[in-house]
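> only geometry, no sequence info:
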């Protein structure tokens, strides 16, 4: 696995660039090296002469190379790495030729891509890796784009990566790519609809009485970039796909609380091109089932079902603790991020689908504990919130997992949407969520 393609950008350093050279990594479908800023006539680019601008020829070539990756399978353009000169073979990383003011150059290139690419590439990372003072390497990395085909505005070219070459697409290729991506989005919609249908069927087949609720959180890659031969072996999940269950810490100002969740884990069992882990409990107070699933196409899912049972001859109304869906959502997107890194496609986008399905009359809604700071303003002073039979909550909107460093903000967005769906609001204070290791001494496998 090439670190420049797989590691988070804030973890890539000079050693990862040197690894390209030590391993003699060749140019290919997902990586391209440029010793210097390219020009049309072979002269030196103004930036390398100390000017505060990038020549038009360099801008055009750099954008065309990155767009070619986005229109194909994703990849990285590395500026400041010299490759071998053998026209009969792909270039091999041979040495570092640091470009000047690499941090400023990365910032300037971000602006170039903003103005030169149509439509904008959903996720592109342009970052410096200093190797000698202010000089160093600039990495331009993108995943396969769900909005392809992209074109370079000034030249009106749609480029694509073929082996180790950046080439212009034909009109037929542009039409085929547009059609294939449309079909890919349709497949994604069908896949998520199937997960919803199966979840509701499982809920409706419960032997418990008519009142229950279920929470399903599913993350699926938007393209077909992820394929594993298998995900489990000998009743265990493949080690590189295992993500320990995490504790979620909520913070508001000087207040903080750890979100409760009744997870205890269980053994994995193999299914058709997938694996499932289940934990269930029955007690005089509740009957609860929690499961996790992972599929060979990169889909991951966490689900919970809580049923109504008899308590002293009286039917108990199920209670949704809002810490449950927030904890499930947070753990799912962290798990999805791990899966895409293990598939060597850290830039692939995940669509995250959340469903809260209620069967029966109503459910009660509870906050997190931890005092009034974590209760929406309209629920303070012991006000009660209940949800009458809505069938389904949170079928929309769908969430998009793109950059790993945006995970805390994505959790906060989901939590706000969750309270809104219950007819409440979190108020004006900013809420932060931190993903932590499970506390020592407690189950969380």
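Structure received. All values reported here derive from a predicted model rather than from experimental measurement. Numbering: from 1, shown residues only.

> Look up which helix or strand the nearest residue to residue 253 once chain neighbours are set aside falls in, please.
Counting by CB to CB, 6 or more residues apart in numbering, residue 253 lies nearest to residue 429, which is 6.4 Å off, once chain neighbours are set aside. Any C-beta I mention is one placed from the backbone N, CA and C, and that applies to glycine too. With elements delineated by DSSP states H and E, residue 429 resides in a region that no helix or strand encompasses.

> okay but residue 429 is in contact with residue 251, surely?
No. Taking contacts as CB atoms under 8 Å, residue 429 lies outside contact range of residue 251: 10.2 Å.

> Who has more neighbours out of these two?
Each of residue 429 and residue 251 has its neighbours counted (other CB atoms under 10 Å); residue 251 has more, 15 against 10.

> Return the distance of the residue nearest to residue 253 relative to residue 419.
Taking CB to CB, to the nearest Å as the measure, residue 429 and residue 419 are separated by 13 Å.

> these two touch, right, residue 237 and residue 292?
No. Applying CB under 8 Å, one finds residue 237 not in contact with residue 292, separated by 9.0 Å.

> More neighbours: which of those two?
Counting neighbours by other CB under 10 Å for residue 237 and for residue 292 shows that residue 292 has the greater number, 24 against 19.

> how about that one, secondary structure?
For residue 292, the secondary-structure state derived from DSSP: H, G, I helix; E, B strand; the rest coil is strand.

> where's the nearest residue to residue 132 once chain neighbours are set aside relative to residue 80, distance?
Excluding its sequence neighbours, the residue lying closest to residue 132 (CB to CB, 6+ apart) is residue 98, at 5.0 Å. The span separating residue 98 from residue 80 equals 5 Å under the rule CB to CB.

> Name the residues contacting each of those two.
131, 136, 137 (CB atoms under 8 Å, 6 or more residues apart in numbering).

> Out of those, give me the one that has the most neighbours.
The most neighbours, when these are compared by other CB under 10 Å, belong to residue 137, which has 27 neighbours.

> After the one helix or strand it maps to, which helix or strand is next?
If you go by DSSP H and E, residue 137 is part of strand 135-142. Of the helices and strands lying after strand 135-142 in sequence (DSSP H and E), the nearest is strand 151-152.

> And the helix or strand just after that next one, what does it pack against?
Of the helices and strands lying after strand 151-152 in sequence (DSSP H and E), the nearest is strand 159-162. With contacts taken as 3 or more CB pairs under 8 Å, 6 or more residues apart in numbering; DSSP states H and E, strand 159-162 sits against helix 56-71, strand 165-168.

> Let me know which of these is the nearest to residue 365.
Across these, the minimum distance to residue 365, taken as CB to CB, is reached by helix 56-71, at 42.6 Å.

> which other helices and strands contact the helix or strand following the closest one?
Read in the C-terminal direction, the helix or strand following helix 56-71 is strand 75-79, with elements assigned using DSSP H and E. Counting contacts by 3+ CB pairs under 8 Å, 6+ apart, the secondary-structure elements packed against strand 75-79 are helix 3-6, strand 31-34, helix 56-71, strand 135-142.

> any idea whether the residue lying closest to residue 20 once chain neighbours are set aside is helix, strand or coil?
Leaving aside its sequence neighbours, residue 20 sits nearest to residue 93 (CB to CB, 6+ apart; 4.1 Å). Per three-state DSSP, the secondary structure class of residue 93 is strand.

> gap between the residue nearest to residue 132 and residue 8?
According to CB to CB, residue 98 and residue 8 sit 22 Å apart.

> Those two: which is more packed in?
Between residue 98 and residue 8, residue 98 has the larger neighbour count (other CB under 10 Å), namely 20 against 13.

> And the pLDDT for the more buried one?
At residue 98, the pLDDT value in this model is 94.

> Just confirm it contacts residue 129, I think it does.
No. Here residue 98 does not reach residue 129: they are 9.5 Å apart, not a contact under CB under 8 Å.

> what residues do the two have in common as contacts?
By CB under 8 Å, 6+ apart, residue 98 and residue 129 have these common neighbours: 136, 137.

> what's the closest of the shared contacts of residue 98 and residue 80 to residue 342?
Out of these, the one with the shortest distance to residue 342 is residue 137. That distance is 25.1 Å, counting by CB to CB.

> quick one, what contacts the closest one?
Remark: with contacts taken as CB under 8 Å, 6+ apart, residue 137 is in contact with 17, 78, 79, 80, 81, 96, 98, 99, 102, 128, 129, 131.

> let's go with 7 Å and repeat that
Taking CB atoms under 7 Å, 6 or more residues apart in numbering as the contact definition, residue 137 lies against 17, 78, 79, 80, 81, 96, 98, 102, 129, 131.

> same deal with residue 24?
92, 93.

> tilt between the strand holding residue 137 and helix 56-71?
40 degrees (axes from the mean of the first three to the mean of the last three CA atoms, to 10 degrees).

> Please renumber the chain so that the first residue is 55 from this point on.
Sure, I'll start numbering at 55, so the last one becomes strand 189-196.

> Just the buried positions in strand 189-196, please.
Along strand 189-196, the positions that meet the burial threshold by neighbour count (16 or more other CB atoms under 10 Å) are 189, 190, 191, 192, 193, 194, 195, 196.

> Isn't the fourth one up against residue 134?
Yes. Taking CB atoms under 7 Å as the contact criterion, residue 192 and residue 134 are neighbours in contact, 6.4 Å apart.

> Residues that sit against both of the two, list them.
In contact with both residue 192 and residue 134: residue 153, using CB under 7 Å, 6+ apart.

> list the buried ones in the top helix by length along the chain?
With secondary structure taken from DSSP state H, the chain has its longest helix at helix 225-258. Residues of helix 225-258 classed as buried: 228, 231, 235, 238, 242, 245, 246, 249, 250, 253, 254, 257 (neighbour count, 16+ other CB under 10 Å).

> domains for the protein, by residue range?
For the chain, automatic domain parsing gives the domain ranges 57-223, 254-491.

> Out of these, which gets the lowest mean score?
Mean pLDDT across the domains of the chain is lowest at domain 254-491; the value there is a mean of 77.

> From residue 254, how far off is residue 410?
From residue 410 over to residue 254 the distance is 11 Å, taken as CB to CB.

> scratch that, residue 197 is what I was asking about
Distance of residue 197 to residue 254, computed by CB to CB: 32 Å.

> Check residue 146 too.
In this structure, residue 146 and residue 254 are 54 Å apart, going by CB to CB.

> what do you get for residue 341?
Separation of residue 341 from residue 254 (CB to CB): 18 Å.

> on that earlier part again, now find how far off-centre the longest helix of the chain is within its chain.
18 Å (CA atoms, centre = their mean, to the nearest Å).

> helix or strand right after it?
Proceeding N to C from helix 225-258, the next assigned helix or strand is strand 266-275, under DSSP H and E.
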